[in-house]
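> turn this into a model:
(2 chains)
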Amino acid sequence: MYDYLIFALKRFLQLLAVVFAGISAAFLVSHLSPISPVETIIGRVAGQSTYSPGAINSLRETLTEIFGLNVPLHEQYFNFLGRFVVGDLGPSLIAFPTPAMQLVMLALPWTVGLLTLSTIFTWLVGNILGGLAGYYQNSRLLKAFGVVAIGVQPIPYYIVAFLMVIIFGFLWPVLPISGGFAMNVRPSWSPEFVLSVLRHAILPATSLVIVGLGTWFLGMRALVSNIVTEDYVTYAELAGVKRDRIVGSYVIRNALVPQLTALAMALGGIFSGTVITEQVFAYPGLGSLLVRAVNGGDSAVVLAVSCIAVVAVASAIFLIDMIHPLLDPRIKAE
Amino acid sequence: MFSVFRDLLRYNIEFAIGVVLVGAITIFSLLSFISPVDPVAIYTAIPDQPPSAQYWFGTNSRGQDLFWHLTFAFRNTLSFGVTVAILSRIISITVGLTAGYLGGWVDRVLMFVNDIFVAIPIFPILILFYFVLRSGLDTFTLALIMACFGWPFDARLIRSVALGLKHREFTRHAVFAGMPPVRIMFEEHLPYVMPIVFSTAMANMIWSIGLQVTLAVLGFTNLNIPTVGTALYWANNHSAMVVGVWWWIIIPVILIVLTFLGLFLLAVSMNEYIDPRSRLRRMGA
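Presented below is the predicted three-dimensional model:
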């Protein structure tokens, strides 16, 4: 237990280092942007009617202060770190003066919900099927699934999502192809709203599952087909242990550990994938917000989304690492 | 080296298919050097012509001959993938061999940095770079940025092999013979990790090309450089699927899927070759 606490502490320090490095990089890159939020807003205001130069100047001063641009870069950086801790990243530009963090928080549940459900589903199903395919190597059905998985795996994310839109929105229009919920229901915890959200999530989630399933299936099959040649499996077979038990507790359980590490490593990539998915299905999540912010030249929102993505991915990896030693007694918490 | 290649071709059907696919796409992209058309010029051909004897892959709504346009697109995309692969291989070999051979605090520091790079989601960072550089984000800059993020997995893999090599007899001989560490790493240990370097290079190309296409489809790249991604972007931009110019989307998609499939099969078969157990099983020994 003591070892585990030391391990947890070390990993936590590393988590902090990752988050610090990530958000620092995001801050530096985004502050090199040539688009000044102050001038953009002034242009927007001045385009609507005429103002005296004095009024424009005082507006410029006020805005510079609101965006915190009136101090040198290193001070801006320290301000940014301080405000990041309390979750304040300044006003957004695309929806001025709504705080950037508020926009991100509105979008976050959609992305997290979609990603968590589809990732867990994909990982479980892919690994179970892959484990069975590695153990029962003569099963026709599982062999066929392997061929399909190799064929589907290299198809780019975007293509799968796009094909689903064409098939289910155009050729056989049974499912909603855009948005997070139907226009005519009001966001609340009513059954209609929940059903509508679920119906709208089917297509984006399915596209994520289709793209992800093959990787886990193939990885698990390769792992298991190496494990079944181990002596302890042969011994268990000779000793008459039931096959279900061998597959479940002897083979798949051992192979799951590297797959869990792989899951932690794949999380960043899965996030990249959702940006495309959300864009194709017009899903109201972080990805859509990010694209909108980039096109609108909104550095506060781009920065906020990047920071949240860094924090979310790093914490997810941290959580997976924390349950690692609990799953596999061979791993000494180090 | 050559005998390895011959063995792989003879005993491994996946490798053979991969070589054929990647080879065909490479030849296709090399055709761009004898192309009669300028890839960035638009309205040089009749727009929206379906595939025919004159225009093999048809023409798009921007009046470009798709066959020749795609040769350029694939040349740019493939050379981008190769650039990222080479640059990131250099980093991962250096970090992996150094961490594995020197060990101690060097290893700990390098692996700490390594873990940080693993955990940073690259896509938002790439979008940030586009956000700042806009059209100044040319192919080489993008390749450089992606190479800086594409090395950590492979460095860890190389390190684990180097750790094993460190305690082998020949390393000790080299140390006693007075060979400096740098030469031990790059002359004695490097040949042992080369198979891993090749197989991870293929996986790395799939990753980098996939991200490049993703960025371009969203419009987050210099749209005037012909790549597979920008070809798809323009096709979307002109609603090619809706107005019935299906060949503008289907043909590049089929070609890029074949490229990915080829690279994937190469990576998988080389991975299998590295593991002597599965290699022997396949050769029927």
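
> I'd say residue A:104 and residue A:288 touch.
No. Residue A:104 lies out of contact with residue A:288 (CB atoms under 8 Å); the separation is 11.8 Å. Yep, even glycine has a C-beta here, placed from its N, CA and C like the rest.

> compare those two (neighbour count), which wins?
Neighbours per residue, other CB atoms under 10 Å in any protein chain shown: of residue A:104 and residue A:288, the larger number sits with residue A:104, 25 against 21.

> that one is in what secondary structure piece?
Assigned by DSSP states H and E, residue A:104 belongs to helix A:100-135.

> make sure I have this right: residue B:100 is in a strand.
No. Assignment of residue B:100 by DSSP: H, G, I helix; E, B strand; the rest coil gives helix, placing it outside any strand.

> that one touches residue B:162, doesn't it?
Yes. With contacts counted by CB under 8 Å, residue B:100 reaches residue B:162, the gap being 2.6 Å.

> which neighbours do those two share?
Common neighbours of residue B:100 and residue B:162, using CB atoms under 8 Å, 6 or more residues apart in numbering or on different chains, are residue B:189.

> circling back: after the helix holding residue A:104, heading C-terminal, what element do we hit next?
Immediately after helix A:100-135, counting by DSSP H and E, sits helix A:140-152.

> tell me the angle of that next one relative to helix A:100-135?
140 degrees (axes from the mean of the first three to the mean of the last three CA atoms, to 10 degrees).

> ok, residues contacting helix A:140-152?
Here helix A:140-152 has contacts from A:129, A:132-133, A:136-137, A:210-211, A:213-214, A:217-218, A:221, B:261, B:264-265, using CB under 8 Å, 6+ apart.

> now, among those, which is nearest to residue B:119?
residue A:211 (22.0 Å; CB to CB).

> what is the neighbour count of the residue nearest to residue A:175 when sequence neighbours are not counted?
Closest residue to residue A:175 in three dimensions, ignoring its sequence neighbours and counting by CB to CB, 6 or more residues apart in numbering or on different chains: residue A:168, at 4.7 Å. By other CB under 10 Å, the residues close to residue A:168 number 17.

> the helix holding residue A:104 near chain B at all?
No. Helix A:100-135 lies out of reach of chain B by CB under 8 Å from any CB of the partner chain, never closer than 11.8 Å.

> next one: that helix to chain centre, how far?
Distance, stretch centre to chain centre, for helix A:100-135: 8 Å (CA atoms, centre = their mean, to the nearest Å).

> hmm, which of the contacts of helix A:140-152 are the buried ones?
A:129, A:132-133, A:210-211, A:213-214, A:217-218, A:221, B:261, B:264-265 (16 or more other CB atoms under 10 Å in any protein chain shown).

> pull out the buried residues from stretch B:89-109.
Quick answer for stretch B:89-109 (16+ other CB under 10 Å): B:89, B:91-101, B:107.

> wait, does that stretch contact chain A?
No. Against chain A, stretch B:89-109 shows no contacts by CB under 8 Å from any CB, the least distance being 11.1 Å.

> start from the N-terminal end of chain B and give the helices.
Assigned helices in chain B, in chain order: B:2-11, B:13-30, B:66-102, B:104-119, B:122-133, B:139-147, B:152-166, B:169-176, B:181-183, B:190-217, B:228-237, B:240-243, B:247-274, B:276-283 (criterion: DSSP state H).

> re earlier: hmm, which of the contacts of helix A:140-152 is lowest in pLDDT?
Least confident entry in the contacts of helix A:140-152, by pLDDT: residue A:137, with 81.

> how much space separates it from chain B?
For residue A:137, the distance to chain B (CB to the nearest CB, to the nearest Å) stands at 11 Å.
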